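Colleague: Got a sequence here, can you model it:
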Amino acid sequence: MSRIRLLLVVLVILSVVVVVVPPEPAAARDEQRIDRSFSPPRYESPRIAPIPAAALTVENGMLAVTVDGAEQSLRTLTVTPPGPGPFPLAVISHGSPRDAAKRREIRLRGFLPVAEDFARRGYKAVVFARRGYAGSTGDYAERAESCTADGYARAAHAAAEDYAAVIAAAAADPTVDASTVVAVGQSAGGFAVNALAGMAPRGLIAAISFAGGRGSTKDFANCNAEGLTGAFDLLGRDATVPALWLYSSADRYFWPDLVHRNFEAFTANGAPVRLEMVGPLWYAEDGHDLFDLGGRELWRPRIDAFLKAVGAPTWTTAPGDAAVRRVPAPKGLSQKWRGRWLRYLGAAGHKAFALGPKSRYGWVDRRDGEDTALADALALCQAKGDTCRVVSLDGTPVE
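Modeller: Numbering: from 1, shown residues only. Next up is the predicted model:
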């Protein structure tokens, strides 16, 4: 064989080898961490043994605050570790539904998994409804005029004022160590903590944003995506408190391309941020629900790593109960509705699933008590004209 023919054979073999190299797994492409302008912590984060969930105290209440010079009363769900404290503080708030009529329907129990995780780390965790939401007083203050960059930024600052007011009110509580505060927000609440990172109220050491943003009008659409990116640019100019951004690659409100544009805009002037992209969720088609109980196995280790990176208090070793038990769907539930069953398993708060003949069902979550969850699930199922029974309570089968 001539040298030329031998060379051609070698090239063909090499080309085949290149072609058959398997592509990078989708999950690996979905998971990504990017740090910008992070600095080493000034001190090692305090560590404690994880506190058992059963030892926590969970209370509904109202918190008197002063916002924009006016007295308001904000609906709260507070989770407190055992003992006298003082405890570092975690303040947590919600998103804004696309349908404005549903603002008063916000249920704070949906944020119990995140609040409990912080309380098990030794924080006093206060989940609160901002002005104009749930049972809080005051008018809705977060209108983003014309979906412009300035309008979005003003909406973020209005919501951040509620965070600052809660932090100030909690600072007067002798069980709170107001020198150590972590702010957590979901969706519009996550957008707000980016504004809070620029306001930098006394004691704020970290901000965590679950799927932060505003202006989603429908899946994969925004009132003004360029305006939202412009708002992130404006907010990032002032941000000095380190932030963690958590997003799913399957988020239908703020999709990956938009998230990365917002991240580049926010960090352009040196804002310290860690972006954590995770893959799709096992319990929901829309990755915007990452904050829920089913997402705990994804967000808990990433929050741990972030708290350690910024020198914030956390536990010595995370408890091994992050994953939710994936119970098989009940017999009699059509394959068509199996996705609803997974959504139920991944949901937070007291919850129940009722089932009737012909695969009729009704399920609820984020309730304050088991009795309420049972009654509401049965009512939803029976409203369809069937005799129903509860087949699961709080994710556990009912015989």
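Colleague: Dump the top helix by length along the chain to PDB, restricted to CA.
Modeller: Counting residues, the longest helix in the chain under DSSP state H turns out to be helix 149-171. Output for helix 149-171, consisting of C-alpha atoms alone and laid out as PDB, is shown next (Å, rounded to 0.1, in the frame of the first residue of the first chain):
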ATOM      1  CA  ALA A 149     -36.400  49.400  32.600                       C
ATOM      2  CA  ASP A 150     -37.100  52.300  34.900                       C
ATOM      3  CA  GLY A 151     -40.600  50.900  35.700                       C
ATOM      4  CA  TYR A 152     -39.300  47.500  36.400                       C
ATOM      5  CA  ALA A 153     -36.500  48.900  38.600                       C
ATOM      6  CA  ARG A 154     -39.100  51.000  40.600                       C
ATOM      7  CA  ALA A 155     -41.200  47.900  41.100                       C
ATOM      8  CA  ALA A 156     -38.200  46.100  42.500                       C
ATOM      9  CA  HIS A 157     -37.400  48.900  44.900                       C
ATOM     10  CA  ALA A 158     -41.000  49.100  46.100                       C
ATOM     11  CA  ALA A 159     -40.900  45.400  47.000                       C
ATOM     12  CA  ALA A 160     -37.400  45.800  48.500                       C
ATOM     13  CA  GLU A 161     -38.800  48.500  50.800                       C
ATOM     14  CA  ASP A 162     -41.100  45.900  52.300                       C
ATOM     15  CA  TYR A 163     -38.000  43.600  52.900                       C
ATOM     16  CA  ALA A 164     -36.200  46.500  54.600                       C
ATOM     17  CA  ALA A 165     -39.200  47.200  56.800                       C
ATOM     18  CA  VAL A 166     -39.500  43.600  57.900                       C
ATOM     19  CA  ILE A 167     -35.700  43.500  58.700                       C
ATOM     20  CA  ALA A 168     -36.100  46.700  60.700                       C
ATOM     21  CA  ALA A 169     -39.100  45.400  62.600                       C
ATOM     22  CA  ALA A 170     -37.400  42.100  63.300                       C
ATOM     23  CA  ALA A 171     -34.300  43.800  64.600                       C
END
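Colleague: buried residues in it?
Modeller: For helix 149-171, burial by neighbour count (16 or more other Cβ atoms under 10 Å) applies to 149, 151-171. The C-beta positions use only the backbone N, C-alpha and C, and glycine is treated the same way.
Colleague: And it, what does it pack against?
Modeller: With contacts taken as 3 or more Cβ pairs under 8 Å, 6 or more residues apart in numbering; DSSP states H and E, helix 149-171 sits against strand 57-67, strand 70-80, strand 87-93, strand 124-128, strand 176-186, helix 188-199, helix 225-236.
Colleague: please redo it, this time with the cut-off set to 7 Å
Modeller: Using 3 or more Cβ pairs under 7 Å, 6 or more residues apart in numbering; DSSP states H and E as the contact definition, the elements that helix 149-171 packs against are strand 57-67, strand 87-93, strand 124-128, strand 176-186, helix 188-199, helix 225-236.
Colleague: For residue 378, find the nearest of the ones you listed.
Modeller: Distances from residue 378 to each of the helices and strands packed on helix 149-171 were compared using Cβ to Cβ; the minimum, 23.3 Å, belongs to strand 57-67.
Colleague: So, low pLDDT: which residues of the chain?
Modeller: Within the chain, the stretches falling below the threshold (pLDDT under 70) are 1-29.
Colleague: Who's the closest spatial neighbour of the residue nearest the centre of it, skipping the chain neighbours?
Modeller: When Cα atoms, centre = their mean is applied to the chain, the residue found nearest the centroid is residue 291 (3.1 Å). Across the structure, with Cβ to Cβ, 6 or more residues apart in numbering as the measure, the residue nearest residue 291 apart from its sequence neighbours is residue 210 (4.2 Å).
Colleague: what do you get for residue 243?
Modeller: The spatially closest residue to residue 243, leaving aside those adjacent along the chain, is residue 207, at 4.2 Å (Cβ to Cβ, 6+ apart).
Colleague: Who does that neighbour form a beta bridge with?
Modeller: With DSSP bridges as the criterion, the beta-bridge partners of residue 207 are residue 183, residue 243.
Colleague: And residue 269, how close does it get to residue 36?
Modeller: Residue 269 sits 11 Å away from residue 36, going by Cβ to Cβ, to the nearest Å.
Colleague: Mind checking which of the two has more residues around it?
Modeller: More neighbours surround residue 36 than the other of residue 269 and residue 36, with 17 against 12 (other Cβ atoms under 10 Å).
Colleague: contacting residues for the closest residue to that one other than its chain neighbours?
Modeller: Take residue 36 and drop its neighbours on the chain: the residue closest to it by Cβ to Cβ, 6+ apart is residue 267, 4.1 Å away. The neighbours of residue 267, taking Cβ atoms under 7 Å, 6 or more residues apart in numbering as the test, are 36, 37, 236, 273.
Colleague: Now which of those would you call buried?
Modeller: With burial judged by 16+ other Cβ under 10 Å, the buried subset of the contacts of residue 267 is 36, 236, 273.
Colleague: Name all residues that make contact with the first one.
Modeller: This means residue 36. Contacts here follow Cβ under 7 Å, 6+ apart; on that basis residue 36 touches 267, 272, 273.
Colleague: So which bits of stretch 51-70 are buried?
Modeller: Along stretch 51-70, these residues count as buried under the neighbour rule (16+ other Cβ under 10 Å): 51, 56, 58, 63, 65, 67.
Colleague: closest to residue 107 among these?
Modeller: Residue 107 lies nearest to residue 58 out of the buried residues of stretch 51-70, by Cβ to Cβ, at 13.9 Å.
Colleague: Specify the beta-bridge partners of the residue nearest to that closest one when sequence neighbours are not counted.
Modeller: Spatially, and ignoring its direct neighbours in sequence, residue 58 is nearest to residue 79 (5.3 Å; Cβ to Cβ, 6+ apart). For residue 79, the residues forming beta bridges with it (DSSP bridges) are residue 58, residue 125.
Colleague: Residue 79 touches residue 121, doesn't it?
Modeller: No: counting by Cβ atoms under 7 Å, residue 79 does not reach residue 121; the two are 11.0 Å apart.
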